[in-house]
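Colleague: sharing a model that was predicted from the sequence below.
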Protein chains: 4
Amino acid sequence: MPQRAREEDLVRITTDAAMDVATYGFAHDIRVRFAETDAMGIVHHGSYVPYLEETRVAFLRESGHPYVQVRDHDGIEFPVVEVFVRYLRPLRFDDVVTLRLRVAWVQGAAFQIDYLLCVDDTVRASASTVHAVVRVDGRPTRPPAWLTSLGPPRNPLSP
Amino acid sequence: MPQRAREEDLVRITTDAAMDVATYGFAHDIRVRFAETDAMGIVHHGSYVPYLEETRVAFLRESGHPYVQVRDHDGIEFPVVEVFVRYLRPLRFDDVVTLRLRVAWVQGAAFQIDYLLCVDDTVRASASTVHAVVRVDGRPTRPPAWLTSLGPPRNPLSP
Amino acid sequence: MPQRAREEDLVRITTDAAMDVATYGFAHDIRVRFAETDAMGIVHHGSYVPYLEETRVAFLRESGHPYVQVRDHDGIEFPVVEVFVRYLRPLRFDDVVTLRLRVAWVQGAAFQIDYLLCVDDTVRASASTVHAVVRVDGRPTRPPAWLTSLGPPRNPLSP
Amino acid sequence: MPQRAREEDLVRITTDAAMDVATYGFAHDIRVRFAETDAMGIVHHGSYVPYLEETRVAFLRESGHPYVQVRDHDGIEFPVVEVFVRYLRPLRFDDVVTLRLRVAWVQGAAFQIDYLLCVDDTVRASASTVHAVVRVDGRPTRPPAWLTSLGPPRNPLSP
C-alpha cells in the first residue's frame, strides 16, 4: 500500500459516473448469493464491493493481463485507494446482476474504474474505484502501456 | 429502499471529510478479525464497510435512539444510499481501530455521516455515508427532531 | 428456524463424506474472489460456507425446484441446522473450484447434502450440511416428493 | 496448510460438544452486526465462523499467547482443518452473543476447541474446530507445552 506524504497529492475520485450504459465496454454477470443479503431482505450494501473486485479481475483477464500475472510477472499491483458506491434500487437474492465496466481515466500513478450494476436493463447502482499503480514494495510507478491504452489520459467528465 | 424518480434529486456526497480528529465527537473501537484480512496481508478494502455500520449503530445507541427502536417503534429506516471510503494506510490483523464519527449534515430526507479510522493516533482511512430517511414502506420522510439536532442543517464544507 | 425441544431428537450429521468423486452427480464451478482470501495467502476457512450455499442453490435450480419458488410457492424452507467442513489442501485466489454435490439422505423432516471441493481433479475439501424441512412458520414438515426422490431414505454410510 | 498423505491419518472431530455451560472456562462477547444477517431476518449461518475465530484469538490473548506472537515469535500456526456448527436457535441483529470456549483435547499435532454460543443464558448454537499445529513451512509439529496444559490429552467424550 502506498504511503502518501501530502494530502494535496490525492487523486480525487469522480463520483458522477456516466449513467449511459452504451459508454461501458465490458460486461460481467454475477448471481446474488443468499449470504450477501441482509435482514432488510435485499443485498447488503457492503456486498457490492466484492462484486466490483470480481468484475475488475474478469476485465483484466479478458484484456489479456490477468491480475496474478500482472502481480507475479510484471511486479505491479493496483491497490484500491478510493471506492464510491451509489445505491439506486435494491438487488435481491438470485438476481443476475450485469456489471458494466469502463476505465474512466489513467493519470500519473493512478486510474479510475467506473461501474454500472444492472438487472433487467435497469441501473440498480453505480460505482467507482480509484487504484494506485505500485511496485510490490509499495512505491508508485508508471502504469504499463497496455493499461494507459485502455482509458483516456484524464477524466473527460472532470471540469 | 427509496425509489428515486429523477437523477437530479440525488443528494451529492461530500468526499472531503475533515481530517481533524478534534471535530469528531464520537469514538468506537473495533479489533480487526483475521477473517477480514486478504492475501495482501492487510484488511480487505470491503471489510471497512461493516466497520462503518457497526460504528453508526453504536452511535445511535449512545445517542439514546437504538436502530432497532427507531425501526420498530418510530417506523423509520436509514438505508445507505451512498458510501465513500479513502484508504490512506493499511489496517492489519489484530489492530484496534478507533472509528471516529460525526454527523456532517442533515438536509431534506437525507443525512451524511463522516468517519475517520485511526490506529495509534494515525488516520488510516476516512469515509462517508449518505442515508435516506424513509418510512418502512420506503417513502422519504422528514428526519426526526433528535436526528436534526445532531448535525448542521447543511454541509458546512460544501460550496 | 425450528425450535428443538429435545437434544436426543437431533439428526446427527455424518462427517465421513465419501471421497469418491464418481458418487457425486452434480457439479458447479466457482472462481475464488480476492475478497475471500486471508492474510495466510489462501481462501479463509469461513469463505467455504457461502460456496456450499451457492452450489445448493444451483443444484435446486437445475433440479427444477429453484429455492425462491420452493419458498414462495410451496411455502417450504430448508434452514441449515448443521454444517461441517474438512479442509485438506488450500484454495487460492482465482482458482476455479469445482463443487460436487450429492444428497446423502432424506429422512424425517431433514436431509443431508455432501460436497467435494476440487481443483484440477484434486479434492481440496469435503463438506456436509444438514437441513431441516420447515414451513415458513418454522414448523417441521414432510419433505416434498421431488426432494425425497433425490436421495436415499437414510444415510447408506451410517452404521 | 499441512498436506495430508493418508486419509486414515485424519484426526476426527467430535461433534458432541457438551452442552453444559459450566464446563466452559472462557467467555467472550460479540455483538451481532447488521451485515451478518441475511434475508431470513437472522444471522447467516456462515457468519458464525468468524465469531469462533474472534473468540479463539481472544482466548489465546488472555492465555498470554497472542496469535501474532505465536506465529511471529514461536514460528507456529494453528490452521483450521475441520469446523462443525450446530444451529439450535437463531441469532438476530444487535444480539450480544456470549461465546463460551474450552479446549476439548490436545493430541499429536492437533487440538480441538469447543464453543457454545449463548444469548440470555440460552444456547443458540454449539460448534467445534480442529486445528493442526504446524511450523510456518506447513510441517506438523509438537504442540507447545503451554497449549498442551490447556486441555486434556485426549477427548474425554470420545469412546
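Modeller: Perfect, thanks for sending it. Everything numeric in this text was worked out from a predicted model, so none of it was measured.

Colleague: next, count neighbours for A:Asp95.
Modeller: Neighbourhood size, A:Asp95 [other C-beta atoms under 10 Å in any protein chain shown]: 17. Using the backbone N, CA and C atoms, a C-beta is placed for each residue, glycine as well.

Colleague: I should have written A:Arg71 there, sorry.
Modeller: Applying other C-beta under 10 Å, I find that A:Arg71 has 15 neighbouring residues.

Colleague: can you show me the CA trace of the particular helix or strand that has it in it as CSV?
Modeller: For A:Arg71, the element it lies in under DSSP states H and E is helix A:67-72. Only the C-alpha atoms of helix A:67-72 are listed here, as CSV (Å, rounded to 0.1, in the frame of the first residue of the first chain):
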residue,chain,number,x,y,z
TYR,A,67,-4.1,-9.9,-12.1
VAL,A,68,-1.9,-12.8,-10.9
GLN,A,69,0.3,-12.4,-13.9
VAL,A,70,0.5,-8.6,-13.5
ARG,A,71,1.5,-9.0,-9.9
ASP,A,72,3.8,-12.0,-10.2
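
Colleague: which helix in chain A has the most residues?
Modeller: Looking across chain A with DSSP state H, the single longest helix is helix A:48-62.

Colleague: contacting residues around the residue lying closest to A:Leu99 once chain neighbours are set aside?
Modeller: Among residues not flanking A:Leu99 along the chain, A:Thr55 sits closest, at 4.2 Å (C-beta to C-beta, 6 or more residues apart in numbering or on different chains). Contact analysis of A:Thr55 by C-beta atoms under 8 Å, 6 or more residues apart in numbering or on different chains lists A:Phe26, A:His28, A:Ile30, A:Leu99, A:Leu101, A:Tyr115.

Colleague: the first one and A:Leu99, how far apart?
Modeller: Spelled out, that is A:Phe26. Note on A:Phe26: its distance to A:Leu99, by C-beta to C-beta, to the nearest Å, is 9 Å.

Colleague: mind checking how far A:Arg100 is from A:Arg124?
Modeller: 11 Å.

Colleague: swap in A:His45?
Modeller: 12 Å.

Colleague: same check on A:Phe26?
Modeller: For A:Phe26, the distance to A:Arg124 - C-beta to C-beta - is 18 Å.

Colleague: do the same with A:Ile113
Modeller: When C-beta to C-beta is the yardstick, A:Ile113 and A:Arg124 sit 18 Å from each other.

Colleague: quick one, what contacts the residue of chain A positioned farthest from its centre?
Modeller: Relative to the centre of chain A, and counting by C-alpha atoms, centre = their mean, the farthest-placed residue is A:Ala39 at 26.8 Å. Listed by C-beta under 8 Å, 6+ apart, the contact set of A:Ala39 reads D:Phe34, D:Thr37, D:Asp38, D:Ala39, D:Gly41, D:Ile42, D:Arg92, D:Phe93.

Colleague: list the contacts for the closest residue to it other than its chain neighbours?
Modeller: Nearest non-adjacent residue to A:Ala39, counting by C-beta to C-beta, 6+ apart: D:Thr37, 3.8 Å away. Residues in contact with D:Thr37 (C-beta under 8 Å, 6+ apart) are A:Asp38, A:Ala39, D:Val43, D:His44, D:Ser47, D:Arg92, D:Phe93.

Colleague: nearest to C:Thr148 among those?
Modeller: Nearest to C:Thr148, judged by C-beta to C-beta, of these is D:His44 at 27.2 Å.

Colleague: what is the burial count for the closest one?
Modeller: 25.

Colleague: how about A:Asp121?
Modeller: By other C-beta under 10 Å, 7 other residues sit near A:Asp121.

Colleague: A:His45 and A:Arg124: which is more packed in?
Modeller: Comparing A:His45 with A:Arg124 by other C-beta under 10 Å, the one with more neighbours is A:His45, at 27 against 21.

Colleague: hmm, that one is touching A:Val83, no?
Modeller: No. With contact defined as C-beta atoms under 8 Å, A:His45 does not reach A:Val83; the gap is 11.7 Å.

Colleague: what residues are shared contacts of the two?
Modeller: B:Val83.

Colleague: higher neighbour count, A:Phe26 and A:Leu99?
Modeller: A:Leu99 (24 against 18).

Colleague: and the more buried one, what are its bridge partners?
Modeller: Note on A:Leu99: beta-bridge partners by DSSP bridges are A:His28, A:Leu117.

Colleague: for it, give me its contacts.
Modeller: Taking C-beta under 8 Å, 6+ apart, we find A:Leu99 in contact with A:Ala27, A:His28, A:Asp29, A:Ile30, A:Tyr51, A:Leu52, A:Glu54, A:Thr55, A:Tyr115, A:Leu116, A:Leu117, A:Cys118.

Colleague: now the residues you listed as TSV including pLDDT?
Modeller: Below are these laid out as TSV (pLDDT from 0 to 100):
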residue	pLDDT
A:Ala27	97
A:His28	98
A:Asp29	98
A:Ile30	98
A:Tyr51	98
A:Leu52	98
A:Glu54	98
A:Thr55	98
A:Tyr115	97
A:Leu116	97
A:Leu117	98
A:Cys118	97
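
Colleague: done for today, thanks.
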